[in-house]
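Student: The amino acid sequence is not available; the structure is as follows:
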């Protein structure tokens, strides 16, 4: 979460070129949107029982369930000029179009549902969120590769009574993981996504720089890893 903010800031300051980052999760986690109330969204008893951590991202939207080996995440960092003249709804579809096309090319019946969902006829495959800061945007998308779909109702308090009148609530949506449609490993899907992106947008491969990781580690300690950030609102 902290690295997203760091890389967004680097692109905004002209210290990094527009970037696509594909990344994995090391813990089972529930990821709150920036404007959600923890008590409204997460069944903390179920989360503890099932071994899920709770974190909060800098972008809006609803709570996401992520797991090592079961989730594909990517983040795009770019100048706002990339979506100049587009409405917010149009920008979401534009920034995920390459991924939707890539999944279709591999036989997944993927489509886009405004404002921010990659879907199949059987439900939601993935969801996106955005944050915009200092003439740059972060657009990140989480795709369910393999998920026990009953976890959604157990972990996220969708449809349950509010404990606070504030905050954005998560919406009730059926989930359809990619593993329902593809006989490929997660690693093979990631490689396919990379290939699709590079075919459309010739790119240079480079690792995250050591100073970027150091800055993210400091930001995590000061902000993203603190109760004040996770429990706020």
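Tutor: All right, it came through fine. Only a predicted model underlies this, so the values are computations on that prediction, with no experimental measurement involved. Residues are numbered from 1 along each chain as shown.
Student: Output the contacting helices and strands for the longest strand seen in the chain.
Tutor: In terms of residue count, the longest strand belonging to the chain (DSSP state E) is strand 123-133. Helices and strands touching strand 123-133, by 3 or more Cβ pairs under 8 Å, 6 or more residues apart in numbering; DSSP states H and E, are helix 2-12, helix 88-105, strand 117-120, strand 136-144. Using the backbone N, CA and C atoms, a C-beta is placed for each residue, glycine as well.
Student: What residues of that strand count as buried?
Tutor: For strand 123-133, a neighbour-count test (16 or more other Cβ atoms under 10 Å) marks 124, 125, 126, 127, 128, 129, 130, 131, 132 as buried.
Student: what about the helices and strands packed on strand 123-133, which gets the closest to residue 214?
Tutor: Using Cβ to Cβ as the criterion, the shortest distance between residue 214 and the helices and strands packed on strand 123-133 is 9.4 Å, found for helix 2-12.
Student: chain center to that closest one, what's the gap?
Tutor: For helix 2-12, the gap between its own C-alpha mean and the chain's C-alpha mean amounts to 15 Å (Cα atoms, centre = their mean, to the nearest Å).
Student: The helix or strand that comes right after it pairs with which strands, and in what direction?
Tutor: Tracing the chain C-terminally past helix 2-12 and defining elements by DSSP states H and E, one meets strand 19-23 next. With DSSP bridges as the criterion, the sheet partners recorded for strand 19-23 are strand 71-79 (antiparallel).
Student: Now for the buried residues of strand 123-133: which two are most distant?
Tutor: Between any two of those, the greatest separation by Cβ to Cβ is 24.6 Å, found for 125 and 132.
Student: ok so, going back, for the helices and strands packed on strand 123-133, which one ends up most surrounded?
Tutor: The highest mean neighbour count among the helices and strands packed on strand 123-133 belongs to strand 136-144 (a mean of 24), with neighbours defined as mean count of other Cβ atoms under 10 Å.
Student: relative orientation of that strand and strand 19-23 in degrees?
Tutor: For strand 136-144 against strand 19-23, the angle between stretch directions is 30 degrees (axes from the mean of the first three to the mean of the last three Cα atoms, to 10 degrees).
Student: Neighbouring strands - and their directions - for strand 136-144?
Tutor: strand 71-79 (antiparallel), strand 123-133 (antiparallel).
Student: which of the residues in the helix or strand following it are buried?
Tutor: Using DSSP H and E, the helix or strand that follows strand 136-144 in sequence is helix 151-155. Counting neighbours by 16+ other Cβ under 10 Å, one finds that the buried residues in helix 151-155 are 151, 152, 154, 155.
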